[in-house]
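S.K.: Here's my sequence, what's the structure:
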Amino acid sequence: MTTSLNPKYFNITYPQEHVAHVEINRADKMNSFFEAMWLELHTIFNHLSHSPAVRAIVLSGAGPKAFTAGLDVKAASQGLLSSDDDSQTDPARKAFHLRRHITSFQDCISAIERCEKPVIVAMHGFSLGLAVDIATAADVRLCAADTKFAVKEVDIGLAADIGTLSRLPKVVGNFGWVKEVALSARVFGAEEAQRVGFVSQVFGSKEEVVKGALEIAGLIASKSPVAVFGTKDILNWSRDRSVEDGLRYTSVWNSAALQTKDVSAALLSGIQKRKPTFEKL
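M.R.: Numbering: from 1, shown residues only. So this is what the prediction gives:
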């Protein structure tokens, strides 16, 4: 499956039917990101979004130390965050250049949220900065007991700009807590992350959280892809709109989706006590 993908900084496997496992593969640098990596991430999730063989995706990090330690600050300091100032550069033009770069970075991480397939993120070890951006763009967040989180950007002189400040308050529903961790950049652990609703489950180890994520992905992948993809889309669309608008959108969506053969297949399988099968989408 997906033989056209050959990323350098990610491993992609298919551990069970209709499930893709994407692993950040830069363990020697604690899976920290630089530009080539987020561009690969964008390509991977766009590709898997449109792959008819994939119905659920697990995202994890290689190695024992980190899901991702965030942005590769050394690489960034020589590029986007470089302090070199060309006095001949017009400030407005420099601002336009930076804005295009930031928007491109944001779009790469948003590819996870836009992906038609549910994305389950399995975090462990250091999960800092960009890790939170990535996690909030995913659909389900799980972690190991050793996970250490932080919205780290203020410690390098930035306001987090790749999604955390926009998504995290909506994920946890606690604006005061988000302000505290974002303004202080303090580290918080798995227990606190579960208590505030950032993660839905905590597992004992990295191996256990990846196994748990794959089990959930397998369960999701066994359902009607029409129903699953519709559910993700409606939830994401409704998040930023009124209940009335969400209901209207759902009625339009289901006026088409209810015509699927998956409904009768699911109902009959329940009556006949057998596992349903669904066509690729």
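S.K.: can we go C-alpha only for contacts and neighbour counts from here?
M.R.: OK.
S.K.: Spell out the residue ranges of the helices in the stretch 1-150 of the chain.
M.R.: 35-50, 73-77, 91-114, 130-137 (DSSP state H, counting those that start in this stretch).
S.K.: Check the ones you listed for me: which has the lowest mean pLDDT.
M.R.: Among the helices of the stretch 1-150 of the chain, helix 73-77 has the lowest mean pLDDT, at a mean of 78.
S.K.: Next, the buried residues of that helix.
M.R.: Val73 (16 or more other Cα atoms under 10 Å).
S.K.: on that earlier part again, out of the helices of the stretch 1-150 of the chain, deepest packed?
M.R.: Per-stretch averages of neighbours, counted by mean count of other Cα atoms under 10 Å, single out helix 130-137 among the helices of the stretch 1-150 of the chain, with a mean of 26.
S.K.: from the chain's centre, how far out does that one sit?
M.R.: 6 Å (Cα atoms, centre = their mean, to the nearest Å).
S.K.: who touches that helix?
M.R.: The contact list for helix 130-137 (Cα atoms under 8 Å, 6 or more residues apart in numbering) reads 67-71, 109-110, 112-113, 121, 141, 149-151, 162-164, 167-168, 171.
S.K.: any idea of the angle that helix forms with helix 91-114?
M.R.: 50 degrees (axes from the mean of the first three to the mean of the last three Cα atoms, to 10 degrees).
S.K.: Could you check stretch 259-271 and say which residues are buried?
M.R.: Buried, per 16+ other Cα under 10 Å, within stretch 259-271: 262, 266.
S.K.: go on, stretch 198-218?
M.R.: Buried residues in stretch 198-218 (16+ other Cα under 10 Å): 198-199, 201-203, 205-206, 208-210, 212-214, 216-218.
S.K.: Of those residues, which belong to helices?
M.R.: Counting by DSSP state H, the buried residues of stretch 198-218 place 206, 208-210, 212-214, 216-218 in helices.
S.K.: nearest to Ser60, of those residues?
M.R.: Val210 (7.2 Å; Cα to Cα).
S.K.: show me what contacts that closest one?
M.R.: 58, 60, 122.
S.K.: hmm, who's touching stretch 241-250?
M.R.: Against stretch 241-250 from outside (Cα under 8 Å, 6+ apart): 234, 237-238.
S.K.: go with 7 Å
M.R.: The contact list for stretch 241-250, computed with Cα atoms under 7 Å, 6 or more residues apart in numbering, reads 234, 238.
S.K.: per-domain residue ranges of this structure.
M.R.: Residue ranges for the domains of the chain, per the TED database: 10-222, 225-272.
S.K.: picking up where we left off before, please tabulate the contacts of Val210 in a markdown table, including the columns pLDDT and distance to Gly176.
M.R.: Output for the contacts of Val210, formatted as a markdown table (pLDDT from 0 to 100; distance: Cα to Cα, whole Å):
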| residue | pLDDT | distance to Gly176 |
| --- | --- | --- |
| Val58 | 98 | 30 |
| Ser60 | 98 | 29 |
| Ala122 | 98 | 26 |
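S.K.: By neighbour count, which of those residues wins?
M.R.: Counting neighbours by other Cα atoms under 10 Å, Ala122 comes out on top of the contacts of Val210 with 30 neighbours.
S.K.: mind listing what that residue touches?
M.R.: Ala122 neighbours (Cα under 7 Å, 6+ apart): 59-60, 141-143, 209-210, 213.
S.K.: ok so, going back, list buried residues within the contacts of helix 130-137.
M.R.: Buried among the contacts of helix 130-137 (16+ other Cα under 10 Å): 67-71, 109-110, 112-113, 121, 141, 149-151, 162-164, 167-168, 171.
S.K.: Show me the residues you listed that map onto strands.
M.R.: Using DSSP state E, the subset of these located in strands is 67-68, 121, 141, 149-150.
S.K.: Can you pick out the most distant pair from those?
M.R.: Val121 and Ala150 (16.2 Å).
S.K.: in the chain, which helix or strand is least confident?
M.R.: helix 73-77 (a mean of 78; mean pLDDT, DSSP states H and E).
S.K.: Sketch out the low-pLDDT regions of the stretch 51-200 of the chain for me.
M.R.: 77, 79-87 (pLDDT under 70).
S.K.: Give me the neighbour count for Arg248.
M.R.: 12.
S.K.: That one is in what secondary structure piece?
M.R.: Counting by DSSP states H and E, the element that carries Arg248 is helix 243-257.
S.K.: Which residues belonging to that helix are considered buried?
M.R.: Quick answer for helix 243-257 (16+ other Cα under 10 Å): 246, 250, 257.
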